[in-house]
Each structure stands twice: as structure tokens, then as C-alpha cells.
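K.L.:
Just need the structure, nothing else, for what follows:
(4 chains)
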There are 2 protein chains.
Amino acid sequence: MKEIIPNISVDCLVFGFDFDRLHILLKKRELINENGEKIISDYTLAGNHLLKGETADDAAYRVLYNITGFDNIYLEQFFCFSKTNRLKNEKDQIWVRHLNLDIADHVFSIGYFSLVDKSKLVLDEEHKNAEWFPIEDLPPLGFDHAEIIEKGIECLRKKFKQEPIGFELLPEKFTLTQLQKLYEAVLGTTYDRRNFRKKIMQLKYIIPLDEKQQGVPHKPAQVFIFSREVYEKTKKEKLVFA
Amino acid sequence: MKEIIPNISVDCLVFGFDFDRLHILLKKRELINENGEKIISDYTLAGNHLLKGETADDAAYRVLYNITGFDNIYLEQFFCFSKTNRLKNEKDQIWVRHLNLDIADHVFSIGYFSLVDKSKLVLDEEHKNAEWFPIEDLPPLGFDHAEIIEKGIECLRKKFKQEPIGFELLPEKFTLTQLQKLYEAVLGTTYDRRNFRKKIMQLKYIIPLDEKQQGVPHKPAQVFIFSREVYEKTKKEKLVFA
DNA sequence: ACAAAAGTGTTCATTATACACCCATGT
DNA sequence: ACATGGGTGTATAATGAACACTTTTGT
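P.N.:
Sure, this is the predicted structure:
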């Protein structure tokens, strides 16, 4: 096992979308003392200290692989958190001592956010302490993770308005209504359906397939894919949802 | 003297504007060997390792105070640089050994950018190894500072389009032509004068004074100030220069 | 009088917004 | 047949882009 860097960690916000609300993946943190009392019962972000020789990106990919089983996840660094009291709540201190972690008194954490296709992610035995929560309805959080999440969501929204990264949260094939609901969920607004579709359909990198939804109890919707290739070639047309 | 954190530093991009081009403040780095040969002659960003007990922001403000003599500078963290070979060029190794710095093999640097009113900053004796360079015409740079600058400029531009931070680069009182030149210099475009002024003059937080330029050999321009107070109150109207 | 930058309005094109009805499918 | 979401067009308002001449000052 490689040596850790005691004073630098990464924390990863993993976002997922259930076609209704934006969710974030959290890990359960639980500690029960000798008397069977729950000392700690809350959630934290997926995170870990850097290992010697790793870049921050390396560590973030490693953390994401451990919690999701995916590599090649969309990943973006957004902020380095450096408050001196980041880990100094009583519960966090107990937790750190309990795990016998050889970490520094002052730990700097580099925040990342990542986007996954929630429908592909199977939270099996191996990852069973991970749970999805809608971002408007988060459980109690350890460390400074509430603050990290707040800042991360803000950065996600900024990025969302500037570049078409939403497709990372959808299955490869999606309908325009799903796309619209995604933008509404992330940006916390609503759009008129006709106007939204007009805007989207003039983007050449969102390509209609010769294919329809199956087995829905209403008129089946046309299915689209996102072409990163076309996007890179026609970048001028900006997708701005303000 | 306080103990340093050997593996974490901050590097600060200090931007200034001379009413023509955007400039960045760099520190000369020079090393001459016993034979009088220049071993190293290049420039670096203002930067320093964190001291124990400091946040990254603390360290950045300290570095800025040391190079500019100002506190209360506009400051923004933009990225944490973590490549394992950041300081491993031959010159950088020589430099580190020469200064006898007690720093780690792998140093993580948190990048900040800051905006100052260049006309107020006096590069006196104390700061005489600092020099301004136009961003399109930078000298040879040490460490990975070329990369840090590139990313920092990109982040500055993004921020510039979203919030009215440009005033930090101007004197308190400015003309609309100065403001226009600033936007053109930072964003690398040009604007039609009439359209630019129309756009600006509908922003309530850019306030005309009952005052004109003095001593210019042409029609003197009206003088404006930026009101952060009014801006915060009327934030909806976004200043978007795309 | 001349050089230099300040100041100013209109037209046209593009983009954003508001809004209502019929359609295809599963049950 | 009914419930559900899919699909579509037009009119109006707001915004952005292009463009040229007169004014005020210092020298």
C-alpha cells in the first residue's frame, strides 16, 4: 500500500439525474460505541487523501473508480478548501481517531465534481454504503462537506450554462423532454416546451435518431444523441441558459 | 519566523491595466555563478509556501501585500496545480537548492488572480524586482508559471463576462472610453463605441459624476464611478460581454 | 485651424417570449 | 374511451449590430 500525503485530500461530488431531480452520491458514516449507541450517523462525500506521486486528478479518478466502478468519468476540479478548522468538529475528530488515520492537523481538500449516468451505476455490495440524495434534500453531513457541496453545485451551474456537459448525466440516447427536465433540475428554473425545443433543435450537435421511445403509455418521443465531435467543430454556437 | 508547509504554496497573478493593454506583475529571478555567468535569468509569479495555520487565502493576501504593499486587493482562487514534475526543470531545481528552501519534492500550488489599480501601485525600492508585462508579451518564465498564467487568464476572462470586476483594474473615477478599452484588452475583442456606451449607460451601478476630464487636448470626457452597493442591489441586470 | 477623442440616434436583423391545440400510444 | 406526455407555429417584444457626423478642448 502506498504512502498517503497527510495534509492533502480530494473530495468528489458525484452528480446523477433520475429524470426528475438532480442527485448527489454520498457515503454513509456510522460509528457505534461499546454500549451500542450511535455516536456518529451521517454522510460524507467520496474522498481520500492523495497518495505519494499522485496528482489531484489521479486521486479524484481513483476515488471515483472506488465508489462507482467507472473510469472515464466527466470530472472537474472546482475549489481548494483550506480552512484550518475543516476537520475540527467533535464528531469528525472522533471519526479520525477511530479510523486511526495518519493525517495532518490541517488538511487541504481539493473539490471535484463529476457527472455520471445514474441509470448505469449499480450500487452493489461493494458500494452499498453509497446512497443518492436529491440536492434539495440532503442528510446531515460530516466535515465541511455541506459547504463543499454548496460551492460545487454553484460551480456546476456556472459550467452548465457555458458548456453542454449535461449529456454526461443522461443515457446515450435521450428525449428532448428528458433534456429539458435535466436543465430545469440543475438550474432550478422551468422552460416553455416549444421554446426549449426550438433552441435545442438548432444545435447541430444534438442529433435526432431514426428511433422512438418504446413501451410508454403515450405518444413515443423521438430519441436524440449528443455528438461531442460535432460540438467541438461548431463550438461558436453557445448553449447559454441564463 | 513561522514554519512553512513544505508541500503547499500559492501563486498569484496580479493584473493591471495601463489604459491600453492588460499587464501582469512578475518577479525577476536571477542567479549568477562564481564565474559571473548568468545561470538563471527569468521571471516568476509572486508566490510563497503556506505558513502553518494559514488558509490559502491568508497566504495569497500575504504574498500580495509583500509585492504590492496593498491589502484589500480583489482576489480570487482559480485552480490547484498538482503535476508531480511542476518544479523539476533543471533551472528550478538549481534555484530551489540555491535558496536552500526546505520544501517538498511534490509541491501543490493554489493559483489566485488579483486585480489592482496599476496607477496606484508604486514599484519602489522594496519591490523593485517586480515588473509589469503585457499579457501578450511575456518574458521567459520559471517553474510551471506559463501554464498557471494561461489558465488564470482564461479564468479571468470567464469571470469578467459574468460579473463587473473590471473596476478593480481602473482608478475610482474613469471614462467610458477607458472602460471600453479595458473590456477590449481583457476579452481580446473590439466594440462599437455607440453600442458599448448604450449598454453601459443602462446599468444603474455605473454612475456619471458632475465632473470632466482635465487637461486633455480634446473634448474632455465625462467621469464615472462604479457603485458596488448599487450593483449588489440590482444584480439581476447582468453585464454579459460575449 | 487643426488634431484628437467625446458624444449622440436610427434602422435592421436576430433572438426571446408568450401562448393552445391535435397526436400517438398503452391500458 | 381515456389518460398521458409528444409534437408543432405565429405574433410580439427585446436585444444586438451596423453605421457617420458634430462638439469640445489644447496646441
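K.L.:
How about the residues of chain A by DNA strand C?
P.N.:
Residues of chain A lying close to DNA strand C (CB under 7 Å from any atom of the strand) are A:192-195, A:198-199, A:212, A:215-220, A:240. C-beta: built from backbone N, CA, C; applies to glycine.
K.L.:
For DNA strand D, tell me which of the residues you listed show up nearby.
P.N.:
Among those, DNA strand D is touched by A:193-195, A:198, A:212, A:217-220 when using CB under 7 Å from any atom of the strand.
K.L.:
Can I get those in a markdown table including secondary structure, pLDDT and neighbour count?
P.N.:
As requested, these are exported to a markdown table (DSSP: H, G, I helix; E, B strand; the rest coil; pLDDT from 0 to 100; neighbours: other CB atoms under 10 Å in any protein chain shown):
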| residue | secondary structure | pLDDT | neighbour count |
| --- | --- | --- | --- |
| A:Arg193 | helix | 98 | 11 |
| A:Arg194 | helix | 98 | 8 |
| A:Asn195 | helix | 98 | 9 |
| A:Lys198 | helix | 97 | 10 |
| A:Lys212 | strand | 96 | 12 |
| A:Pro217 | coil | 95 | 5 |
| A:His218 | coil | 97 | 6 |
| A:Lys219 | coil | 97 | 7 |
| A:Pro220 | coil | 98 | 13 |
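K.L.:
circling back to that earlier point, want to try JSON lines for the residues of chain A next to DNA strand C, with distance to A:Asp137 as columns?
P.N.:
What follows is the residues of chain A next to DNA strand C, written out as JSON lines (distance: CB to CB, whole Å):
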{"residue": "A:Asp192", "distance to A:Asp137": "27"}
{"residue": "A:Arg193", "distance to A:Asp137": "26"}
{"residue": "A:Arg194", "distance to A:Asp137": "31"}
{"residue": "A:Asn195", "distance to A:Asp137": "29"}
{"residue": "A:Lys198", "distance to A:Asp137": "33"}
{"residue": "A:Lys199", "distance to A:Asp137": "30"}
{"residue": "A:Lys212", "distance to A:Asp137": "34"}
{"residue": "A:Gly215", "distance to A:Asp137": "30"}
{"residue": "A:Val216", "distance to A:Asp137": "27"}
{"residue": "A:Pro217", "distance to A:Asp137": "28"}
{"residue": "A:His218", "distance to A:Asp137": "28"}
{"residue": "A:Lys219", "distance to A:Asp137": "32"}
{"residue": "A:Pro220", "distance to A:Asp137": "32"}
{"residue": "A:Val240", "distance to A:Asp137": "29"}
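K.L.:
between the residues you listed, which is nearest A:Leu75?
P.N.:
A:Val240 (23.2 Å; CB to CB).
K.L.:
Other residues contacting the host helix or strand of A:Ile207?
P.N.:
Using DSSP states H and E, A:Ile207 sits in strand A:206-212. Contacts with strand A:206-212, where a contact means CB atoms under 8 Å, 6 or more residues apart in numbering or on different chains, come from A:173, A:179, A:200, A:220-227, A:230.
K.L.:
Smallest gap between chain A and DNA strand D, at which residue?
P.N.:
A:His218 (2.4 Å; CB to the nearest atom of the strand).
K.L.:
what about A:Phe174, neighbour count?
P.N.:
A total of 22 residues lie near A:Phe174 under the criterion other CB atoms under 10 Å in any protein chain shown.
K.L.:
pLDDT score for the nearest residue to it once chain neighbours are set aside?
P.N.:
Setting aside the residues directly before and after it, A:Phe174 is nearest to A:Phe224 in space (CB to CB, 6 or more residues apart in numbering or on different chains), at 6.0 Å. Here the pLDDT value assigned to A:Phe224 is 98.
K.L.:
Touching, A:Leu75 and A:Leu64? I think so.
P.N.:
Yes. With contact defined as CB atoms under 8 Å, A:Leu75 counts as touching A:Leu64 (6.9 Å).
K.L.:
When these two are compared, which one has more neighbours?
P.N.:
Ranked by neighbour count (other CB under 10 Å), A:Leu75 and A:Leu64 place A:Leu64 first, with 24 against 17.
K.L.:
Now do the same contact list for the more buried one.
P.N.:
A:12, A:14, A:46, A:70-71, A:73, A:75, A:114.
K.L.:
Kindly provide the distance from A:Gly16 to A:Val216.
P.N.:
From A:Gly16 over to A:Val216 the distance is 22 Å, taken as CB to CB, to the nearest Å.
K.L.:
who's more crowded, these two?
P.N.:
Higher neighbour count among A:Gly16 and A:Val216: A:Gly16, with 20 against 10, using other CB under 10 Å.
K.L.:
Would it be right to say that that one lies in a strand?
P.N.:
Yes. A:Gly16 forms part of a strand when assessed by DSSP: H, G, I helix; E, B strand; the rest coil.
K.L.:
which secondary structure elements does the longest helix along chain A contact?
P.N.:
Longest helix in chain A, counting residues (DSSP state H): helix A:145-162. In this structure, helix A:145-162 packs against strand A:4-17, strand A:74-81, strand A:108-115, helix A:176-187, with contacts taken as 3 or more CB pairs under 8 Å, 6 or more residues apart in numbering or on different chains; DSSP states H and E.
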